[in-house]
Structures are given as structure tokens and as C-alpha cells.
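need coordinates for the below:
(2 chains)
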Protein chains: 2
Amino acid sequence: MDQDIKKNRTTETTITILKADHTPLANQEVTIEQTNHQFLFGTAAFDLVPFASGDYAGEEKEQAERRAEKITALFNAATLPFYWARFEPQRGKPITEKVKNAARWCLDHNMVTKGHPLCWHTLTADWLLSMNTSEILQAQIARIQRDVSDFRGLIDMWDVINEAVIMPVFDKYDNGITRLCRELGRIHMIKTMFETARETNPAATFLINDFDVSSAYDILIEGCLEAGIKFDVIGIQSHMHQGWWGVEKTLKILENFERFHLPIHFTETTLVSGHLMSPEIVDLNDYQVNDWPTTPEGEERQARETVQHYQALFAHPLVEGITWWDSLDGGWLNAPAGLIRKDGSLKPAYEELMKLIKGKWWLTPTPFFTDEKGQIHLNCFLGEYKLTFGTLQESFQVTKDCSPVITVPG
Amino acid sequence: MDQDIKKNRTTETTITILKADHTPLANQEVTIEQTNHQFLFGTAAFDLVPFASGDYAGEEKEQAERRAEKITALFNAATLPFYWARFEPQRGKPITEKVKNAARWCLDHNMVTKGHPLCWHTLTADWLLSMNTSEILQAQIARIQRDVSDFRGLIDMWDVINEAVIMPVFDKYDNGITRLCRELGRIHMIKTMFETARETNPAATFLINDFDVSSAYDILIEGCLEAGIKFDVIGIQSHMHQGWWGVEKTLKILENFERFHLPIHFTETTLVSGHLMSPEIVDLNDYQVNDWPTTPEGEERQARETVQHYQALFAHPLVEGITWWDSLDGGWLNAPAGLIRKDGSLKPAYEELMKLIKGKWWLTPTPFFTDEKGQIHLNCFLGEYKLTFGTLQESFQVTKDCSPVITVPG
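Modelled structure (predicted):
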């Protein structure tokens, strides 16, 4: 696995450093340090909406500040909430400004933003129920156009459609999106939503996302591709409240999607640090508990599994992002799924992830000597870097098969 | 349900009977009797291959004859075996002539024939394993061209591809078809096989067939239709060795396929008359027993469930055929899945089916009086009929929205 990480996440690079007069900065000591990963290490960050909008005060605000610091120290990507029921509880009154505050806060803290989701049958607007399907379709299209447009530049990555496999046969309760999907069919539904999103912001990154990791999902993707739909990224949820999948199952699942040669994001990754949910539960939402404590043994297990899970995914050539779901305990299902306990303290899984993301897979400030040509040869992780020469600093990117040329001023 | 059967399987028809001089046969008594159903009541009839080829002798032959009589008395359709491993165990030496004997025998006995299957990863030719995938593809295409062509007129209905949902991820053992499907992808695989078959015999009826009745199958069909593949019939297997699905589940499954507005065949229907296979078994082939006896209680249950199953399917507007799998006990998995016991005696399920297919859903010879216009008005099941007037006999068909006009000679 370490071999695959080396192969897929690092590159042999030659950095050429020139002086202002374009001659090599030969035989000098410079310091190079990594400042970001190309790989997206993300987290659900719904808490940033009230936080960045100034909804918190006093002790609550301080706690939220400390959490936000912990998040930005570890992660470089954030998923922000666009659940229609909450985003636009009253038709025509979306909470656009509040979510914009969160998106801006993320960008200010070097986090890539993603909106989740634009179209989903769960937590959709209940006011769709009074419409006929043609009106629902128009409302859904208008919603995508409005939000993708409003957030352009603030959010340029979207989970366009969520859980389309179950969408038309979802039978827990009546909702407008299931009605619409039943009428259009999955592929036409997906096609419409992706085309709408892409027309609105052609430069953005658009994902399909699902919790269904059976053949149904990869067959759906195959059908969509046949129908001419363009996906930028395949999103795979991995809510492992019932136990870690293990590396073997994870790789087996990935195998089903490899043939599309598309980037893959693990969009919603959960590993709990308490007791496991019983395996016979099919819909995780059926598990409702008031108290689901984090435990010392659970936290050890969570840390161990998190490391192995991230290692397996980081090693895979098509995986380009993993999002933790979510950082703080007590979110969805009241689960101890966080990396941060309710009291704000850090769990072992957080520390272990830090050791990987900003340790083993990271270049801390390191002195290098340039050769006669002003060059440095190194093997490093793909991402962003900073070069320091005396008091001069320059940023540069390391991507596959590129040789950065840096000119230090002065 | 009876209302739906009436609506979907019968028609109000006006039969006009003319004399040779084209004037009405007015105010005369005629006898009308049904001779066939439009609906396909089929059975797997693999036993007909050795039987029709004269491979049996003595007591064995007599038993086979009696079974064949029982089959033709009840059924109007037969599925004949084209498992590649058995059809062409040695490359270039297919048992075409033997299967042709069976097909001819079926046609002689008024049974519609279907070939099963042209492409399947199970029981496929093991000599494909020495080929590369390009050669496997050519061999598979050639096989379809040869067999669909050789049997034209004898078999004009085919299960083109079997179990494509699992085909590329089937991992019980290596085989050429899984390799090929993994490389082509399911949709391209299906497209290639259907196009090959249709080019070879454009007038034939081509089915896709699967045991997977989850969303994966209807999503695959949706993707295939988007890719421009034409299916004549959707085939659904229903091997209920683990217990009858019940009407509710059966209708729920049908619901997932209704949106395609394509005819549906229940291609492989099994209900055992012995103990049920344990529900946790995923692949039925894993259940290997030497003895699986039919029991009196099991036979009662089988009869009861068979009646309800056939009633539910016969009532559904899109279902156009049901095939029993198979008639005699001790076939696949050694299961007591037959309508006929190993000793050749009939089970209650056979008798109950007979009461429906040739009883409740059938017109036995019945006298009618023509009116002044030589017409008879009746509500009858779609199918073939025979009119007798004195010593004269004429056959005619009753389809939806048609009014047969019959001229009696002499």
C-alpha cells in the first residue's frame, strides 16, 4: 500500500530556482515546506453556517472557534449543507447569505468548498407536495440554477444528485422528488439535473453521489454514461455505523467503478467510536437513540480503522478525496462519529489522521541545497509548497509530471 | 384479480359466420371451442431432447412418452436447452440435430419454442478459457449467428443474455463470458449480443433474462434502452426454492418494470413441493443435497401457491408468459420442483393448473346460435378457437379488438 501511495500520490520532481536576473540560484540553501495537499481531505462542516454567520455567542462561540481551528488544521475541504427543506424552508426565502458566509470562511481558511446536495428525495422541500410533477421539475431546475449561480466562485463543486438508485422507489414517505423521479426515470432525472447544473456553471465540478454500493449503482452510472451524461466525479458514501468495511470490501467496491476511469470521492465517511449499530438494520435512519456514547475502546478502534481506511483510499489511483462525516460527535443519528468529542477534545482518530495528513504524507520545512543549475530533486506529495530563501518566500505547486521553475525576487 | 384477468386476458368479440356464398349463416347452431391460449403457459422441457432424438428405449421411453403427453396436455410453450457447455462440449461439434428434433417435436405438438440461453457465464464452453477476450467475443458472436440461423423457423424466441447483472462480477470460477463482460461492460455486451441475434433473425422475439429482481436489473434495462438496445420481452426468473414470494412481492417486483411498457415473461418459475431451502443461502447453487423429497404437505402448499402465483401473473397486463421450471422432480438442485413426481404421477399443482389453464380460463366445446346476421357475441379468452358446424370445422383466432369473420365451406 505504501508503494501505491508513493506511486499515485507523490512525484519525482525537479525544482529550478532562478534569481531575478534569470540565472540559477546555484549552491544555496533554501527551505521547502508543504502548505497543502492536492488530495482533498474534507469534512462535513455544517456547523460553519451558524458560526460564520455570527449566530453563536459567549461560551458557545468560543467552543465553535476552537472546533473550527481543529478542522482547518487537519482538513483542506468542507462540505456545506444545501438540504432543500432547511435551505429554503419557505418558498422564495432561501438562507443563501448565511451559507455564503460559511463558504467565504472556508475559502479564507484554504478549504475547498462543496455544496451537498442539489437534488435529493430526503430533506427536500415539503412545499413541493402541493405541486404537480411538471411544477416540481420546474422548481427543482430553478433551484439548481439559482444556487449554482448564486454561489459561483464561492462553491464550484456540487453533489448534484444524491441517492438516485433508491430515489424513485423510496417509500418511507411521500415527497416531490420521488414522485418526479418515478415519472422521469432515474437516467432522465439525472441527465436533467446535471445538464442544468453544468449550463449554469460550466467550470464547476459535478458529482453523482450514492450510499448504494451494490451493482445497482455502477450499472446506473454505466447507463447514464451511455445516455451521454458527463460526471466529473463519482461520489461514494461510506457510513460505516455498522462496522468498518475493511480494506478488502473497500477495494472490491472500488473495483466496480474503476472501469469508468473517473475520479472517485469518498464523500461521506463515518466510523463511530462507540458501540456498532446492529447489522440487520437496512435504513440507518431507523436507528434512533437518545444517547450513543463514545467509549475508550471505541475510540481506539475508530482510530485504528480510520488509519487503515484512509491509507487504502489514499493509495488508490482514482480516489481524489475523502470527506469525514462529520467532525463533531452527536450529529446525524446522534452518533459518536466525530473526530472531536462533544466537549471539544480530540479523539485518537483525529491525532492519527493528523500524523498521516500533516506528518507521514507531508513535507515539513526542510532545508535543501540547490545544485549548479539552481535545481533541487525530490520526491514529494502532490500539492502546494512554499520555498523560503532568506527572507524571500515563493509558493509553487507540485503536480504529476511537472517541473516547477521559481524565480526569487530581490 | 378476476376482474383484471377479465380485462387483460379476455375480449368481447363478435364472430361473423358466412356461408360459401358470403351470405350470413343465420340462425344456426354451431359449436365453438378453444384450442390454444394467446398467453404462453410454458415449461422447461430439456427432457425432450433425448426423447425426441430416440435416445430412450423400453420402460424409460414409455415413461418419457407419458411425461410428454402430460406436458402437451397442459402447456403451449417449451424452453429448450442451449447451455453452451452441453450444446457444444467440443468446439465445432454442436448437438444441433438433437435439439432440432426436440424443437420439431414441440412444434408438432403445438408448443411455442424458446432457446435458452445464447449468452451466459454459467455452463458456458470451457474451451473459451484458452482464448483472449477478442477471440471469446468472436466465438460468442459466431455462436449466436450459427444457432439463431440454424434454428430459424424451429425456434424464433430466444433468451439472448442471461443474468447480465452478475455477469461481470461473477466470482465463483473463472469463465470466458465473465472475462468478456468485464472488458466490454454490461451494456456493450448486451448490445452486441442483441444486435447479433436480431440481424440473424429479424422476425424473432428476443429476451433479456435475469434472476436479479432488485433495482439493479431495472436500472440495467433503463441503461440499455438509453443505449438504443431493443428488447422484445423482459424475462424475470422466479426460482422460489426458499419460499413463495407471495402476491404482494410479486406485484412490487413487476412495478419496477412496468415503466418500460414492454411485455414481461416469468421465464423460470419454481415452487417446490418439499421442505424449503434455508433463506440465508444467497446462491441457490450452494444448496447441494442428494435427496430432497416431495411431501404431501409440500404438495398441498405447492398447489395452493402455484394457483395464486399464476392468477396474479395472468391478471397483470404486461405479463405474456409463465414458464414452469421444470415439469419433472429431481432436475436442477435435485429439487422437488416438478408438477410430475419422479414416478410419473401428477401432483396436485398439475391438477390445479389444469383446472385453470384448460378449465376456468378456457372455453370447452359450447353450442351457440347465430343471429340473423350470422353473428355470435361472446366474451372469451384470447387465443385460438375452432368452430364446428355439422361436419365442417374452421379455426380462428381471437385477439383484442378484432372481430373474426369465418367462412364455412361447402
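
who are the contact partners of the closest residue to chain B within chain A?
Nearest residue of chain A to chain B: A:Gly223, at 2.1 Å (Cβ to the nearest Cβ). The C-beta positions use only the backbone N, C-alpha and C, and glycine is treated the same way. By Cβ atoms under 8 Å, 6 or more residues apart in numbering or on different chains, the residues touching A:Gly223 are A:Arg186, A:Ile187, B:Ile187, B:Ile219, B:Leu220, B:Glu222, B:Gly223, B:Cys224, B:Glu226, B:Ala227.

and A:Ile5, by the same measure?
Counting by Cβ under 8 Å, 6+ apart, A:Ile5 has contacts A:Gln311, A:Phe314, A:Ala315, A:Trp361.

now the helices for the stretch 101-250 of chain A?
Using DSSP state H, counting those that start in this stretch, the helices of the stretch 101-250 of chain A run over residues A:133-150, A:176-184, A:186-200, A:215-226, A:246-258.

tabulate these in JSON lines, adding columns for mean pLDDT and distance to A:Val405.
Putting the helices of the stretch 101-250 of chain A into JSON lines (pLDDT from 0 to 100; distance: least, Cβ to Cβ, whole Å) gives the following:
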{"stretch": "helix A:133-150", "mean pLDDT": "98", "distance to A:Val405": "36"}
{"stretch": "helix A:176-184", "mean pLDDT": "97", "distance to A:Val405": "50"}
{"stretch": "helix A:186-200", "mean pLDDT": "98", "distance to A:Val405": "35"}
{"stretch": "helix A:215-226", "mean pLDDT": "97", "distance to A:Val405": "39"}
{"stretch": "helix A:246-258", "mean pLDDT": "96", "distance to A:Val405": "35"}
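
which of those is buried the deepest?
Most buried of those, by mean neighbour count (mean count of other Cβ atoms under 10 Å in any protein chain shown): helix A:215-226, with a mean of 24.

for chain A, what lies in contact range of chain B?
A:165-166, A:169, A:182, A:185-187, A:214-216, A:219-220, A:222-224, A:226-227, A:256, A:259 (Cβ under 8 Å from any Cβ of the partner chain).

go again with 6 Å.
A:Val165, A:Gly185, A:Ile187, A:Ser215, A:Ala216, A:Ile219, A:Leu220, A:Glu222, A:Gly223, A:Glu226, A:Ala227 (Cβ under 6 Å from any Cβ of the partner chain).

just give me the neighbour total for the last one.
A:Ala227 is surrounded by 16 other residues when neighbours are defined as other Cβ atoms under 10 Å in any protein chain shown.

per-residue pLDDT, it?
The model reports A:Ala227 with a pLDDT of 96.

pretty sure it contacts A:Gly185?
No - A:Ala227 is not in contact with A:Gly185 according to Cβ atoms under 6 Å; the separation is 10.1 Å.

A:His239 and A:Val272 touch, don't they?
No - when contacts are counted by Cβ under 6 Å, A:His239 is not listed as touching A:Val272 (9.5 Å).

who has more neighbours, the two?
A:Val272 (27 against 18).

give me phi/psi at that one?
phi -90, psi 150 (degrees, to the nearest 10).

surely it meets A:Gly338?
No - under the criterion of Cβ under 6 Å, A:Val272 is not in contact with A:Gly338, lying 9.1 Å apart.

overlap of the contact sets of these two?
By Cβ atoms under 6 Å, 6 or more residues apart in numbering or on different chains, A:Val272 and A:Gly338 have no common neighbours.

follow-up on the earlier one: relative to A:Val307, which of the helices of the stretch 101-250 of chain A is closest?
Closest approach to A:Val307 among the helices of the stretch 101-250 of chain A is made by helix A:246-258 (11.1 Å; Cβ to Cβ).

which strands or helices does the next helix or strand after that closest one pack on?
Of the helices and strands lying after helix A:246-258 in sequence (DSSP states H and E), the nearest is strand A:264-270. Contact here means 3 or more Cβ pairs under 6 Å, 6 or more residues apart in numbering or on different chains; DSSP states H and E; on that basis strand A:264-270 packs against strand A:233-239, strand A:319-324.

let me know the angle separating the helix or strand hosting A:Tyr310 from strand A:233-239.
Per DSSP H and E, A:Tyr310 falls inside helix A:296-315. On the basis of axes from the mean of the first three to the mean of the last three Cα atoms, to 10 degrees, helix A:296-315 is oriented at 160 degrees to strand A:233-239.

next, the buried residues of helix A:296-315.
Buried residues in helix A:296-315, counting neighbours by 16 or more other Cβ atoms under 10 Å in any protein chain shown, are found at A:298-299, A:301-303, A:305-307, A:309-315.

list the contacts of that helix.
Applying Cβ under 6 Å, 6+ apart, the set of residues contacting helix A:296-315 is A:1, A:4-5, A:244, A:247, A:250, A:266, A:271, A:273-274, A:319, A:322, A:347-349, A:352.

mind checking which of those residues are buried?
A:5, A:244, A:247, A:250, A:266, A:271, A:273-274, A:319, A:322, A:347-349, A:352.

determine which two of these are furthest apart.
A:Ile5 and A:Gly274, at 29.9 Å, using Cβ to Cβ across those.
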